[in-house]
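K.L.:
Give the three-dimensional model of this entry:
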Amino acid sequence: MQIFAWFTFAALCLFSAAVARPQAQHGAHEAAVRVPSEILERPVPLRQGIGKIHEEVTTASPEAQAFYDQGLAYLHSFVWIEAARSFHQALRLDTSFGMAYLGLSDAYIGLQEFPEALKAFEQAQSFTQKLSDRERARMTIRARQLDYLRDSGNLQKYFAYRQTVGDALSASPKDPWLWILRGFADEGSPLAHGQGGGIDTIAFYEMALKFSPGNFVAHHYLAHTLENHGPAKEALEESETYVRMAPAIPHAHHIVGHNLRSLGRTEEAIKEFLKAEELENAYYRAENIPAQYDWHHAHNLQLLGLTYQALGQIKAAEVALREAFSLPAPIDLAEFNRRAWPQFLLGRDRPQEALEAAQEMIDKSNYAMGRFAGHTLAGQAFLAMNRLENAKSSLTMAEQEMEQLPASVIKSLPDAGLLRAEIMICEKNWDNRGNALIERVEEEMLAVPGPDAWSEVLFQLERIAKVARQVGDWELAGSTARKMIQHDSSYAGGYFALGLVAEHQGDAPTARQEFATAEKFWSKADSGVQPSRVQKP
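P.N.:
Here you go, the predicted model:
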């Protein structure tokens, strides 16, 4: 989870469950990676380089106002821990600071600490009489938002939430924060934070910039929206503006990285991911905070590893992906995304290791999404070891895990369909049904938004092309190779796969051309990274 496209849905489901059925969901909630309150409440200094933002709110303390602004800056860069610390610091300076409690409730939502989020909001409400009309409108918006989150299937409550934002905008049409909230409300989920919207939400974030030209928050959310809906160049421009305004924020460098990656500027992307990692590690050392409490660390490592892999720098990719896999997953999306490591092992012809990693996901995951991913990967590993019946059993278990997931989530999880299609291919049942299924699955994979999915689908397509060649389905091998090139024209593997097809067809000139292009894009790859051109019958 776009990183948060799935993250948002997961958070929505977990929030509703935690509020509506706290006893029944207690075990699952406790299983998440919880940041100790001692860390969240530690005193924090005012910092530079995190983005300058200001919202005039009711407080008698200028210093408390400064920490509130800092909390906002961190909140809108998804740095939940430092946002919570900053809001707590503001409340130490002004114990009746209602808007700081409101900000704290947002930080707890980001941390998946839903009871604490509700408690902070209730404390915010106790100071409503001291607030301005504009601030009371914000409280009302938050109340409607929480009401919707308690009953996320109730569209009337969603429309009531969105209408409340619209009413506030009618009263204060030049308030940039309300335009940002209007963008959030139009995304369907109030937790999307710029990542679940479409063309219409772009206009709302642009309106925020009209009334607050230096608002890095709006640039951040525009970057996320544009990276899913394009153009990619504009997404990069917005993310570059964001990082210039908030150079000390790892996430700012991270999103520049994945926008560079989508434009084929892979080496530049690696530099940005490495900068994000450098900032994170320095922060963990300085603040004595274990990396496991920062959701962003594993995500950045994963995309770093996938980007190294795209360059053919397999040793570096292995280090990053292995470390990302070793970190605990705080939510179901993070557990699902751990699949990048066993997928990497499958791509390197290490099926036994891939099976062991997949089994770890099955055995240790508290989430259906994680177990689902584990079973599909186990099935692929079994296929690689010619254990067809085991692969079929894995497919059955994956489909059983899918039954626990909402239909809207299943649409973004084509993995089970991919495993079924691979089984059909290995059974050489590709006479219309098998190829039709896998082509549909390929289109579904390519349609999943977000940088993780964009990078991962490249290697999933590469695996399909390889399996197709091994069983002699050269038509599928060729069409899949062409999809790889269309998806990422800078990736050597697509040209190599197409060269193998041309070679099989006896088209030596085309094969030489494709292999030469692959060699050019693998110019900085590890030695021996090119797959074997010897195909199994």
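K.L.:
mean confidence for the helix or strand containing residue 183?
P.N.:
Using DSSP states H and E, residue 183 sits within helix 176-185. When pLDDT is averaged over helix 176-185, the result is 92.
K.L.:
SS state for residue 412?
P.N.:
Here residue 412 is coil, with the state taken from DSSP: H, G, I helix; E, B strand; the rest coil.
K.L.:
per-residue pLDDT, it?
P.N.:
For residue 412, the model assigns a pLDDT of 70.
K.L.:
what about the closest residue to it other than its chain neighbours, neighbour count?
P.N.:
Spatial nearest neighbour of residue 412, excluding adjacent residues (Cβ to Cβ, 6 or more residues apart in numbering): residue 448 at 5.4 Å. Where you see a C-beta, it was placed from the backbone N, CA and C, and this is true even at glycine. By other Cβ atoms under 10 Å, 19 other residues sit near residue 448.
K.L.:
is it true that residue 457 touches residue 487?
P.N.:
Yes: with contact defined as Cβ atoms under 8 Å, residue 457 reaches residue 487; the gap is 6.7 Å.
K.L.:
Would you map the helices across the stretch 101-250 of the chain?
P.N.:
All helices of the stretch 101-250 of the chain, identified by DSSP state H, counting those that start in this stretch, fall at 114-125, 133-150, 155-171, 176-185, 199-211, 216-229, 232-245, 250-262.
K.L.:
want to try CSV for the ones you listed, with distance to residue 357 and mean neighbour count as columns?
P.N.:
Conversion of these to CSV gives the following (distance: least, Cβ to Cβ, whole Å; neighbours: other Cβ atoms under 10 Å):
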stretch, distance to residue 357, mean neighbour count
helix 114-125, 31, 19
helix 133-150, 34, 19
helix 155-171, 39, 16
helix 176-185, 36, 25
helix 199-211, 37, 18
helix 216-229, 29, 25
helix 232-245, 32, 20
helix 250-262, 24, 26
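K.L.:
Export these to TSV and append columns for distance to residue 472.
P.N.:
Below are the helices of the stretch 101-250 of the chain laid out as TSV (distance: least, Cβ to Cβ, whole Å):
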stretch	distance to residue 472
helix 114-125	53
helix 133-150	52
helix 155-171	51
helix 176-185	51
helix 199-211	44
helix 216-229	38
helix 232-245	37
helix 250-262	34
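K.L.:
Any idea which of these gets closest to residue 70?
P.N.:
Closest of these to residue 70 is helix 216-229, at 13.1 Å (criterion: Cβ to Cβ).
K.L.:
Might one say that residue 469 is in contact with residue 477?
P.N.:
Yes: because the distance of 4.7 Å satisfies Cβ under 8 Å, residue 469 is recorded as touching residue 477.
K.L.:
overlap in contacts of those two?
P.N.:
497, 500-501 (Cβ atoms under 8 Å, 6 or more residues apart in numbering).
K.L.:
what angle sits between the lengthiest helix in the chain and helix 250-262?
P.N.:
Scanning the chain for the longest helix, with DSSP state H as the assignment, gives helix 266-287. On the basis of axes from the mean of the first three to the mean of the last three Cα atoms, to 10 degrees, helix 266-287 is oriented at 170 degrees to helix 250-262.
K.L.:
Mind giving me the packing neighbours of helix 266-287?
P.N.:
In this structure, helix 266-287 makes packing contacts with helix 250-262, helix 295-311, judged by 3 or more Cβ pairs under 8 Å, 6 or more residues apart in numbering; DSSP states H and E.
K.L.:
list the helices and strands the longest one packs on?
P.N.:
Looking back up the chat, that one is helix 295-311. Using 3+ Cβ pairs under 8 Å, 6+ apart, helix 295-311 sits against helix 250-262, helix 266-287, helix 314-326, helix 332-337, helix 340-347, helix 451-470.
K.L.:
Can you pick out the residue with more neighbours from residue 457 and residue 487?
P.N.:
For the pair residue 457 and residue 487, the greater number of neighbours falls to residue 457 (21 against 17), based on other Cβ under 10 Å.
K.L.:
how much space between the more buried one and residue 171?
P.N.:
According to Cβ to Cβ, to the nearest Å, residue 457 and residue 171 sit 45 Å apart.
K.L.:
So which residues make contact with the longest helix of the chain?
P.N.:
The contact list for helix 266-287 (Cβ under 8 Å, 6+ apart) reads 42, 243, 248-251, 253-254, 256-258, 260-261, 289-291, 294, 296-297, 300-301, 303-304, 307-308, 310-311, 490, 524.
K.L.:
Then stretch 86-97?
P.N.:
If you take Cβ under 8 Å, 6+ apart as the criterion, stretch 86-97 is touched by 40-41, 43-44, 57-61, 63-65, 67-68, 70-71, 74, 100-101, 103-104, 107, 127, 130.
K.L.:
What's the local residue count around residue 337?
P.N.:
27.
K.L.:
Rounded mean pLDDT for stretch 230-249, please.
P.N.:
Stretch 230-249 comes out at a mean pLDDT of 95.
K.L.:
I misspoke; the intended subject was stretch 91-110.
P.N.:
Across stretch 91-110, pLDDT averages out at 95.
K.L.:
now swap in stretch 503-510 and tell me
P.N.:
Regarding stretch 503-510, the rounded mean pLDDT is 96.
K.L.:
mind checking the end-to-end distance for that stretch?
P.N.:
For stretch 503-510, the first-to-last residue distance is 8 Å (Cα to Cα, to the nearest Å).
K.L.:
cool, stretch 285-297 as well?
P.N.:
One end of stretch 285-297 to the other measures 14 Å (Cα to Cα).
K.L.:
And for stretch 73-89?
P.N.:
Stretch 73-89 has an end-to-end distance of 14 Å (Cα to Cα).
K.L.:
helix or strand right after the lowest-mean-pLDDT helix or strand in the chain?
P.N.:
Within the chain, no helix or strand scores below helix 26-31, which has a mean of 31 by mean pLDDT, DSSP states H and E. Sequence order places helix 37-40 as the next helix or strand after helix 26-31, per DSSP H and E.
K.L.:
Report the buried residues of that next one.
P.N.:
Using 16 or more other Cβ atoms under 10 Å as the test for burial, helix 37-40 gives residue 40.
K.L.:
next SSE after that helix?
P.N.:
Of the helices and strands lying after helix 37-40 in sequence (DSSP H and E), the nearest is helix 62-75.
K.L.:
Return the residues in contact with residue 344.
P.N.:
305, 309, 317-318, 321, 459.
K.L.:
quick check, nearest of those to residue 328?
P.N.:
Out of the contacts of residue 344, the member with the shortest distance to residue 328 (by Cβ to Cβ) is residue 321, at 15.8 Å.
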